[in-house]
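**Student:** quick one, structure for this:
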Amino acid sequence: MQENKLGFIGVGQLAQPMVKHLLDQGYEVLIHNRRQDPLEKLISKGAVYCQRPEDAVVEGGILFNCLPDDAALLSVFNAHGTIFSKLGDTGLHVSMATISPQASKIVHERHKTLGGNYCVATVMGRPDAVVKKMHFYITAGKSDQLDRVRPILQSISRGVFSLGEKPEIANAAKLSFNFLIASAIESMAEAFTFVRKHGVDVDQFYSMISETLLACPLYKNYGRAIIERQFYEPLFKMALGAKDMNLVSAAAKECQTPMRFASVLQDRFTASLAKGRDNYDWLGIALDVEEEAGIASERQG
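**Tutor:** I've put the predicted structure just below:
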C-alpha cells in the first residue's frame, strides 16, 4: 500500500533529515513540533506546519512520532485524544522515540481502546548518519502493519530489522543498543586516558586498536571523535544520553536483570550533568574521565 501523505510529530535534530528525505521523494508531510523556528527549511521545501499534534494526523493514514522521552510522548498521547479517533481502524502510529518499554506499552493500550494501530521503528544512528541514509531501523509490531510502513523506512535508510510482534521489544533493543555505545565511549575514554598518562601517543594507540582488535565502525567513529574532542557541537546531547542510561537501569530493575555497568554509566552521566554539560555531546563523558585522572581536560585551543 503506497501512502503519499504522512504525519510527523516531534521534528527535532534526528527527525529533520528524515522528513527532508520524505519530502525529496514526493511525500506530503504534515509536521508538528513544540517550536516552529527550527523547521523553516522543511517548511520552505513543502512540509506543512501544524499548530496542534492532532492536525498532523492523516485520517486513516500513517503518523510518525520522534519525541524525545517518555514524558513528551505520554503528554501528547494523553492530552490529545483526537489523534486516536482520526487514525481510526486503519491508521497507523509509528513510534520512533527512544522511550521505556513501559511507556510504549501504555501508548499501545490506548490505541487498542481509542483507535489506531501501533508499531515501533526506533532509529539506529545519529543525525549525521540519517542525513546520509546510513542509519537503520529496529521495528516491532503486527506483521501487516510493519509491511505497510517498511517500504517507507527502507527508502530513507540502509535497512530495517524486524524483531517480533510486541512493539515494546524494539524499545528494549534500542536501549540496549545505546547502552552498548555508551559502554564503548566509557571504555575508550578510560583506555585513552590510561595510556596517555603512561606517555603513549593516543593517536597511535587508536590507529592500532581500530585496525586490529576493534576494527568496526563503532570504535573507529566514536574513538576518532573522542580524540578530536568533538564534544561541543552535539549530535546526541549529554542530557539525552543520561536519560537513556536512566531508562536502561529502570527497565533492568523492572525485569530483574542485574546490569552493574549501567549504574557506572548513570553515575558518569550524572557527574557530567552536574558540571553543566547538558548540551555537550554525550562523548563529553570523556572529559569527566580525564578530570578524575587529574588531567585538565576542558575545551582546548
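**Student:** whichever strand in the chain runs longest: how far from the chain's middle?
**Tutor:** If you go by DSSP state E, the chain has its longest strand at strand 117-124. In this view, strand 117-124 has its centroid 11 Å away from the chain centroid, taken as CA atoms, centre = their mean, to the nearest Å.
**Student:** that one packs against which elements?
**Tutor:** strand 92-95, helix 101-114, strand 136-140, helix 143-155, helix 168-197 (3 or more CB pairs under 8 Å, 6 or more residues apart in numbering; DSSP states H and E). The way it works is simple: take the backbone N, C-alpha and C, and place the C-beta from them, glycine included.
**Student:** what mean pLDDT does that strand get?
**Tutor:** Average pLDDT, strand 117-124: 98.
**Student:** what's the answer for stretch 36-50, then?
**Tutor:** pLDDT averaged over stretch 36-50 gives 95.
**Student:** what is the burial count for the closest residue to V149 other than its chain neighbours?
**Tutor:** Nearest residue to V149 in three dimensions, chain neighbours excluded: V94, at 5.4 Å (CB to CB, 6 or more residues apart in numbering). For V94, the neighbour count with other CB atoms under 10 Å is 27.
**Student:** G91 too?
**Tutor:** G91, neighbours per other CB under 10 Å, totals 23.
**Student:** and the residue of the chain lying at maximal distance from its centre, helix, strand or coil?
**Tutor:** Taking CA atoms, centre = their mean, the residue of the chain most remote from its mean C-alpha position is G199, at 36.9 Å. Under DSSP: H, G, I helix; E, B strand; the rest coil, G199 falls in the coil class.
**Student:** so what's G116 closest to, chain neighbours aside?
**Tutor:** L87 (3.1 Å).
**Student:** now do the same contact list for that neighbour.
**Tutor:** Counting by CB atoms under 8 Å, 6 or more residues apart in numbering, L87 touches 57, 59-61, 63, 93, 111, 115-117.
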